[in-house]
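> Output the structure for:
(one chain, ligands or ions: 1)
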Amino acid sequence: IDLTVSKTGGNASSPLLYGIMFEDINNSGDGGIHGQLLKNNGFQGNNPGLTAYAAVGNVTLSQDTSNPLSSAITSSLKVSVPPGTTGYVGFANTGYAGVPVVATTYANYFWMKGKYSGTINLRLVGTSSGIVYASHNITVHSTDSQFTYYDTSFTSSASPDGNNEWQLLFDGSQVAGSSLNFGLVQLFPPTYHSRYNGLRNDVASFLEEIKPSFLRFPGGNNLEGASPADRWKWNATIGPVVDRPGRQGDWGYPNTDALGLDEYLYWCEDMGMEPVLAVWSGLSLGGGIVSGSALDPYVDDIMNELEYLLGDMSTAGGRLRAQNGRTEPWPIKHVEVGNEDNLSSGCGTYASRFTQIYNAIHAAYPDITVIASTTDASCLPSSILEGVITDIHHYLNPDQFVALFNEWDNWPRTHPIFVGEYASTHNSDGSQTYWTRMRGSCGEAVYMIGMERNSDIVKMASYAPLLEHFNLAEWSPDLFGLDSSPDSITGSTSYYVQKMFSTNRGSTILPVTSDAGFGPVYWVASVSGSTYYVKLANYGSASETVTINIDGTKSGTLEMLSGAEMGSNYPHNVTITPQTSSVSGSGSFTVTMPAWAVAVLAVS
Ligand code: AHR
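Numbers count the residues shown, from 1 in each chain. Model prediction:
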């Protein structure tokens, strides 16, 4: 195959094209990218009981609703100590399927109530082995009149596995025949950009390698709620964590909401991403739809959220944001109305619900780009609303992605697109795949080449879901995953495709002439400054030789990802990663594309 890249002509590429979508699914937030490692610390969600807690020594644990930590955290952990107790006793928290214990410094916070003066011993311990990796004493003076907050840190040695727990122990003889209460225990390893209540540094850094340009949050289904009352509520996720009630998330487990609205925006700021804020559109997952004048209070709520994010100090919202630590407004330029409003009977009322919300946002913030949660014309207003982008989701098999290579070629140039979720979830024979296999990742790459060729109108695209805790997942495949064991962060083959495409972006998509049609090899060329990028995917079982001609270029690099058709990266078994080599040539480069391969040539 002979390709000649034109140095003139072409279309401007959307600078936002490759980004990420995040919602708390698969414990991707709590137990995933959020730094806090202890589970059920606020007794949130439906009937949490003593999940993740265990007695240490001869004590009895109970969920105590008569000693709430705050009006939001309405339970605490009661540790009842029998008369005659001697020695150190207390409780353990086993985290999200174990506590990751590495050689680092942990920050540890907790609240305590009950008469006790003396030593509290904080530990990281192997649950089965009993090996103590960290042991740290602090002196407390706790009273029974109110909860007192304690904040400390300690270093740990590394555990060889994820089967670990955090323990809090106290001198049982002082409490014998009585009890102590504990609330909102929190344990953090180093956080990304050293933020208080921040993201796990190791997880966020792995994600940062993709260089995503936007973050769509907080859902996905997790925005919607089982009913209108259960939706994600922005104002329940701000301020001190002790004032956040959490909620029963839409993926079957409680959300602490410690990863809340401001934390999402710090994440965006620290990773250099444009926030794409999703707001509730009146459709809940359980089918409850709020529309017409009944939607008005929810529209007001969206406007209050935007005032909180964008308002200056003359507004109540802006002042509240400043009170929560952020004086400067957040840079909100994209708001998506709902999630998948084409699904269920919600479609019927979406045109009016969308218009109502669009009108309110557009009147107050004309510079915000509003995104509709579907491309389905039958759900949308009949006339195009100024500047609106529409969102489409594709969970397909690899052949279906290849069949959609041309999806955007003839799309009206006045209708910009957001491919808000996509992933190769099935094999080509229709069977479900655990993690995406090479054929699936190649299918995604072919589709991405199609998007990039049309990135004058395909403004943004994000693979989904982003992250799974291997032991707590509801939905696979995901882009990357982790568990509590050392070095568990694992990128799927699709993670590497995203990384290759996102870190090699041109600002202009260039015309390419060829002596062959598309398939099994697909390509797109672009340029930024003096660097030319050619992305290639071989969606076939035979090796292909591609000669690429770019006048005046001399040298650069070739990144190549290839593997067996059904090859895949599995938890703790990463076998397929991009290999980078140097290339040189006088305006001409020959690339051998193995079967099932994705490549990026970057030359100048
Ligand atoms: O990405 C998983 C789910 O798929 C999202 O929550 C939803 O938007 C879609 O149906």
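> So which residues on the stretch 201-350 of the chain come close to the ligand?
Residues of the stretch 201-350 of the chain found near the ligand (CB under 6 Å from any ligand atom) are 219-221, 339-340. All C-beta spots, glycine's among them, are computed from the backbone N, C-alpha and C.
> The same query, at a cut-off of 8 Å, please.
Proximity of the stretch 201-350 of the chain to the ligand is confined to 219-222, 250-251, 339-340, 343 under the rule CB under 8 Å from any ligand atom.
> By pLDDT, give me the weakest of those.
When these are compared by pLDDT, residue 343 scores lowest at 88.
> any idea which of the residues of the stretch 201-350 of the chain next to the ligand has the most stuff around it?
residue 339 (29 neighbours; other CB atoms under 10 Å).
> so how far is stretch 38-54 off the chain centroid?
From the chain centre to the centre of stretch 38-54 is a distance of 23 Å (CA atoms, centre = their mean, to the nearest Å).
> and that stretch, C-alpha only, in PDB?
Extracted in PDB, the C-alpha atoms of stretch 38-54 (Å, rounded to 0.1, in the frame of the first residue of the first chain):
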ATOM      1  CA  LEU A  38     -11.400   2.300  53.700                       C
ATOM      2  CA  LYS A  39     -14.800   1.100  52.800                       C
ATOM      3  CA  ASN A  40     -18.200   1.900  54.400                       C
ATOM      4  CA  ASN A  41     -16.600   4.700  56.500                       C
ATOM      5  CA  GLY A  42     -19.800   6.700  56.500                       C
ATOM      6  CA  PHE A  43     -22.400   3.900  56.500                       C
ATOM      7  CA  GLN A  44     -23.800   5.300  53.300                       C
ATOM      8  CA  GLY A  45     -26.200   3.700  50.800                       C
ATOM      9  CA  ASN A  46     -28.900   1.100  51.400                       C
ATOM     10  CA  ASN A  47     -28.400  -1.000  54.500                       C
ATOM     11  CA  PRO A  48     -24.600  -0.900  54.700                       C
ATOM     12  CA  GLY A  49     -24.500  -2.700  58.100                       C
ATOM     13  CA  LEU A  50     -21.000  -3.600  59.200                       C
ATOM     14  CA  THR A  51     -19.700  -4.200  55.700                       C
ATOM     15  CA  ALA A  52     -15.800  -4.100  55.700                       C
ATOM     16  CA  TYR A  53     -15.500  -3.900  59.500                       C
ATOM     17  CA  ALA A  54     -14.200  -6.600  61.800                       C
END
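> Show me which residues of the chain sit near the ligand.
21, 23, 25, 219-222, 250-251, 339-340, 343, 393, 395, 420-421, 423, 464-465, 475.
> top helix in the protein by residue count?
helix 347-364 (DSSP state H).
> Against which helices or strands is that one packed?
Helices and strands touching helix 347-364, as assessed by 3 or more CB pairs under 8 Å, 6 or more residues apart in numbering; DSSP states H and E, comprise helix 296-310, strand 334-337, strand 369-372.
> got the ones you listed as JSON lines, with mean neighbour count and mean pLDDT columns?
Below are the helices and strands packed on helix 347-364 laid out as JSON lines (neighbours: other CB atoms under 10 Å; pLDDT from 0 to 100):
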{"stretch": "helix 296-310", "mean neighbour count": "18", "mean pLDDT": "98"}
{"stretch": "strand 334-337", "mean neighbour count": "24", "mean pLDDT": "98"}
{"stretch": "strand 369-372", "mean neighbour count": "24", "mean pLDDT": "98"}
